[in-house]
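S.K.: give the three-dimensional model of this entry:
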Amino acid sequence: MVTGIVFHPKYLEHEQTPTHPERKERLAYTLDQLMEEGIFENREIVLLEPFKASESDVLAVHTPEYFEFLKRESRKGGVIDWDTSIPVGLIDVALLAAGGAIRAAKAVAEGEVDNAFAMVRPPGHHARPYTGAGFCYLNNIAIATKWLQRNGFKKILILDWDAHHGDGTQEIFYEDSSVLFISLHQMPLYPGTGYPHEYGKGEGEGYTINVPLPPGAGDECYLTVFDEIIEPVAIDFEPDFIAVSAGQDNHFTDPLTSLALTARGYAELMVRARRLAEKLCDGRLFAVLEGGYSVEKALPYTNLAIIAAMAEMDISCIREPESYADELKWRKKESAIETVRATIQEVKRIHSTYWGCFF
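M.R.: Numbering: from 1, shown residues only. Predicted structure coming up:
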């Protein structure tokens with residue numbers, strides 16, 4: 001199993017402010033951990049250099065007006081919303097992040113690697129066709145998905161497990177039956193969307209599946225949703241490719257959320273995703289980094305977990321330091337699984353109209 005990792009030093013240059021949650025240390029600490037573990041020396045790991053997304057790549061998702069706005073404001077600095085400013089030079093790194101997502105998808109599509117993880121920033125899943133938001137400027141995974149569709153892969157499953165609902169990705173594909181969008185996210189939480197009754201529109205009705213999770217939901221909750229919702233629907237959908245919006249802000253140490261996923265939980269989720277891809281679409285799978293703001297306590301371990309799972313390495317020793325145990329005990333809510341089981345039944349009821357696995 002050969003896994004590609006997309007990375008470029010320029011991803012460390014993007015910075016709104018030194019104390020912004022989405023800052024360069026999100027990747028800097030991860031790189032230190034990966035080098036310490038000898039990941040880049042492993043023959044099953046290939047480092048992939050990204051390229052900039054082209055204008056046509058971007059315009060397959062975003063409006064010309066918004067793209068021109070980003071280019072213009074990148075020359076002098078600007079603002080989209082209260083937590084998403086536009087630093088000088090933003091457009092260059094945003095295009096490289098979107099191109100990094102394409103690079104991951106392309107490497108898998110062309111057989112260069114078996115699967116790939118685009119370790120990019122800035123993230124993208126809150127970006128809508130006409131604006132950015134929530135630290136996001138260009139919707140990286142949507143741009144890569146459209147690239148795949150232009151290159152012969154028509155049916156794409158996007159699995160978004162970021163703690164924040166991928167409202168931008170949902171909006172882009174809300175009326176599209178060729179893309180199945182499944183999101184697991186905390187509720188209540190920014191951006192306030194992602195209820196089960198948001199299930200698509202027109203040709204896309206039934207092709208958006210939202211599974212909101214309560215605060216305190218941990219590994220058991222996520223894996224139960226995968227087994228009860230994600231896998232059976234994916235089997236019905238029969239995708240040509242699986243894309244993962246790999247947000248890591250559901251970790252129990254994340255300062256912006258209230259979930260309780262562990263590094264081992266991330267590994268188990270990715271093992272399931274990899275096996276599902278092997279079962280349904282010849283292993284064609286790529287992941288794109290989204291959120292995750294616990295820069296020292298989580299990201300070095302969760303990124304390692306995802307890479308190890310994708311590369312079919314031994315994940316039995318994946319875990320955070322024992323000193324974090326009390327924090328997990330405080331964050332995790334044992335009662336969350338009952339709430340999740342009730343939500344699963346509601347999702348099945350709503351989607352029984354569209355998917356045979358829920359009849």
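S.K.: just the buried positions in the longest helix anywhere in the chain, please.
M.R.: Counting by DSSP state H, the longest helix found in the chain is helix 90-109. Across helix 90-109, burial judged by 16 or more other C-beta atoms under 10 Å covers 90-91, 93-109. Placement of C-beta: from N, CA and C, glycine included.
S.K.: likewise stretch 227-241?
M.R.: Applying a neighbour-count criterion of 16+ other C-beta under 10 Å, one finds 228-231, 233-234, 237, 239-241 buried in stretch 227-241.
S.K.: also stretch 12-30?
M.R.: Buried-residue list, stretch 12-30, by 16+ other C-beta under 10 Å: 12, 14-16, 21-24, 26-27, 29-30.
S.K.: end to end on that stretch, go ahead and measure it.
M.R.: With C-alpha to C-alpha, to the nearest Å applied, stretch 12-30 spans 11 Å between its terminal residues.
S.K.: can you pull out the residues in contact with it?
M.R.: Contact with stretch 12-30 is made by 7, 11, 83-85, 87, 89-90, 93-94, 119, 121-123, 135, 255-256, 291-293, 295-296, 299-300, 303-304, as judged by C-beta atoms under 8 Å, 6 or more residues apart in numbering.
S.K.: what does stretch 73-82 give?
M.R.: For stretch 73-82, contacts defined as C-beta under 8 Å, 6+ apart pick out 72, 85-92, 131-133, 137.
S.K.: hang on, the earlier thing: farthest-apart pair in the buried residues of stretch 12-30, please.
M.R.: Within the buried residues of stretch 12-30, 16 and 30 form the most distant pair, 19.1 Å apart (C-beta to C-beta).
S.K.: now do the contacts for the nearest residue to residue 311 once chain neighbours are set aside.
M.R.: Distances taken as C-beta to C-beta, 6 or more residues apart in numbering put residue 3 closest to residue 311, at 4.0 Å, once the chain neighbours are dropped. Counting by C-beta under 8 Å, 6+ apart, residue 3 makes contact with 44-46, 113-117, 307, 310-311.
S.K.: out of the residues you listed, who has the most neighbours?
M.R.: Counting neighbours by other C-beta atoms under 10 Å, the top entry in the contacts of residue 3 is residue 310, with 31 neighbours.
S.K.: bridging residues for the nearest residue to that one once chain neighbours are set aside?
M.R.: Distance criterion C-beta to C-beta, 6+ apart; nearest residue to residue 310, sequence neighbours excluded, is residue 3 at 4.6 Å. Using DSSP bridges, the bridge partners assigned to residue 3 are residue 45, residue 115.
S.K.: give me the buried subset of the contacts of stretch 73-82.
M.R.: Neighbour-count burial (16+ other C-beta under 10 Å) is assigned, among the contacts of stretch 73-82, to 85-87, 90-91, 131-133, 137.
S.K.: now intersect the residues you listed with the strands, please.
M.R.: Taking DSSP state E as the definition of strands, the buried ones among the contacts of stretch 73-82 contribute 85-86.
S.K.: report pLDDT for the spatially most central residue of the chain.
M.R.: The centroid of the chain falls nearest to residue 245 when counting by C-alpha atoms, centre = their mean (1.5 Å). pLDDT, residue 245: 98.
S.K.: wait, isn't it in contact with residue 167?
M.R.: No - in this structure residue 245 lies outside contact range of residue 167 using C-beta atoms under 8 Å: 11.7 Å.
S.K.: mutual contacts of these two, please.
M.R.: Common contacts of residue 245 and residue 167 (C-beta under 8 Å, 6+ apart): residue 125.
S.K.: let's verify the closest residue to residue 230 other than its chain neighbours: helix, strand, or coil?
M.R.: Here the nearest residue to residue 230 in space, its sequence neighbours aside, is residue 182; by C-beta to C-beta, 6+ apart that works out to 5.7 Å. Recorded secondary structure, residue 182: strand (DSSP: H, G, I helix; E, B strand; the rest coil).
S.K.: what number of residues lie near residue 182?
M.R.: 24.
S.K.: so residue 169 makes contact with residue 139?
M.R.: Yes - between residue 169 and residue 139 a contact is recorded at 6.1 Å, counting by C-beta under 8 Å.
S.K.: intersection of neighbour lists for the two?
M.R.: Listed contacts common to residue 169 and residue 139 are residue 125; contacts here mean C-beta under 8 Å, 6+ apart.
S.K.: would you map the helices across the stretch 201-350 of the chain?
M.R.: 219-225, 231-237, 263-280, 299-310, 325-331, 336-351 (DSSP state H, counting those that start in this stretch).
S.K.: buried stuff in the last one?
M.R.: Translated: helix 336-351. For helix 336-351, the neighbour count (16+ other C-beta under 10 Å) marks 336-337, 339-340, 343-344, 347-348, 350-351 as buried.
S.K.: pull up the per-residue confidence for residue 43.
M.R.: Looking at residue 43, its pLDDT is 92.
S.K.: sec struct for it, please.
M.R.: coil.
S.K.: quick one: neighbours of it, just the number.
M.R.: Around residue 43 there are 6 residues (other C-beta under 10 Å).
S.K.: give me phi/psi at it?
M.R.: Torsion angles at residue 43 (phi, psi; degrees, to the nearest 10) stand at phi -70, psi -20.
S.K.: so how far is residue 1 from it?
M.R.: 11 Å (C-beta to C-beta, to the nearest Å).
S.K.: with residue 159 instead?
M.R.: Counting by C-beta to C-beta, the separation of residue 159 from residue 1 is 19 Å.
S.K.: so these two - more neighbours on which side?
M.R.: When residue 159 and residue 1 are compared for neighbours, residue 159 comes out ahead with 27 against 14, by other C-beta under 10 Å.
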